[in-house]
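[1] Build me a structure from this.
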Amino acid sequence: MNCYCGSQQTFKQCCELIIKGLNNAETPEQLMRSRYSAYAAKIPQYILDTYAAPTRKAQSLGDIAQWAKQTHWLKLTVLTSKNITISQFNSRTNAALPTVHFQALYFDKPHFCLIEEKSRFLVEHEQWRYLDGEIIQHHNLPTPKRNAPCLCLSGKKFKHCCALLDH
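    Sure, this is the predicted structure:
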């Protein structure tokens, strides 16, 4: 199975290594992709653990678990990203926080939704952490007709792909 984050690697070769703590996210984009994969794989503890300390205080493991359980994450598209490593970030003074601008398609019964966010990241204890994000858009999408191409761009007809989530 390809990784949820959209890489051409398997989940076990990609985000699972970061989620399990076997590898560290080297860039903010890698952390964001692993967080997306954790939502898709329903691993709420990792999501909570990768919030920056100031943001983590306002989060609840139960709320994260509920959100992960009720949603089916379908597609991640990274629009822009500052791929800066921790050592590069630490060596800069008064630098703006690195960002990842992405869109994610998900199903939250009975709606297909699109969220676009520009996320900010910082370094804590030599690890990238998600600080916050500016939601650029977040709305429900019209459900495609059965024979239309699927929203997730799988190349399949909607009726043979994401329409199956509604059953």
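
[2] I'd like to know how far the closest residue to Glu26 other than its chain neighbours sits from Leu31.
    Leaving aside its chain neighbours, Glu26 sits nearest to Thr85 (5.6 Å; criterion: CB to CB, 6 or more residues apart in numbering). All C-beta atoms are positioned from the backbone trio N, CA, C, and that covers glycine. Remark: distance between Thr85 and Leu31 (CB to CB, to the nearest Å) = 12 Å.

[3] repeat for Tyr106
    Counting by CB to CB, the gap from Tyr106 to Leu31 is 19 Å.

[4] what does Val123 give?
    Distance of Val123 to Leu31, computed by CB to CB: 10 Å.

[5] ok, back up a step: more neighbours: which of Thr85 and Leu31?
    Per other CB atoms under 10 Å, whichever of Thr85 and Leu31 has more neighbours is Leu31, with 22 against 15.

[6] Which of the helices and strands in this protein ranks last by mean pLDDT?
    In the chain, no helix or strand scores lower on mean pLDDT, DSSP states H and E than helix 86-90, which sits at a mean of 82.

[7] Strand partners (parallel or antiparallel) of the helix or strand just after that one?
    Heading C-terminal from helix 86-90, the first helix or strand you meet, by DSSP states H and E, is strand 99-108. When pairing is defined by DSSP bridges, strand 99-108 lines up against strand 71-81 (antiparallel), strand 111-124 (antiparallel).

[8] Only the buried residues of the last one, if you could.
    Using 16 or more other CB atoms under 10 Å as the test for burial, strand 111-124 gives Phe112, Leu114, Glu116, Glu117, Ser119, Arg120, Phe121, Leu122, Val123.
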